[in-house]
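*Asks:* Kindly return the folded structure for what I paste below:
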Amino acid sequence: QVQLVESGGGLVQAGGSLRVSCAASGRTFSSYTMGWFRQAPGKEREFVAAISWNGVVRNYADSVKGRFTISRDNAKNTVYLQMNSLKPEDTAVYYCATGMTTRSDYWGQGTQVTVSS
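*Replies:* Coordinates of the predicted model:
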């Protein structure tokens, strides 16, 4: 069992930056690929970014490449998503999960990110 808790969401103006965090507890965090997803109102949950267990491999959705950076600190059982040059279309609830698909086993409760124009 893995428990995930996101934090760091909020309201930011377009062009601004925000970093969201996901703290994990339970089974060995460092063995999991970790992913970030988001879900906007009326839309399906979509993949944003993922990072391998050792941080070597990172994948991004085309819509966030060059603007978002995923990282992890296994000593702190935490994965981060640094979001720069935010756009109104980035507004969504952001979730972390133990995997890189929407079929991942464990999910956090989500944190709201709102980008104003």
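
*Asks:* for the protein, which spans come out with low pLDDT?
*Replies:* Applying pLDDT under 70 to the chain picks out residues 27.

*Asks:* which one's the longest strand in it?
*Replies:* The single longest strand within the chain, with elements called by DSSP state E, is strand 18-26.

*Asks:* contacting residues around the next helix or strand after that strand?
*Replies:* Using DSSP states H and E, the helix or strand that directly follows strand 18-26 along the chain is strand 34-39. Strand 34-39 is contacted from outside by 20, 22, 24, 45-51, 70, 72, 79, 81, 90, 92-102, 104, 110, 113, using Cβ atoms under 8 Å, 6 or more residues apart in numbering. Where you see a C-beta, it was placed from the backbone N, CA and C, and this is true even at glycine.

*Asks:* Could you rerun that using 7 Å?
*Replies:* Contacts to strand 34-39, defined as Cβ atoms under 7 Å, 6 or more residues apart in numbering, come from residues 45-51, 70, 72, 79, 81, 92-100, 102, 104.
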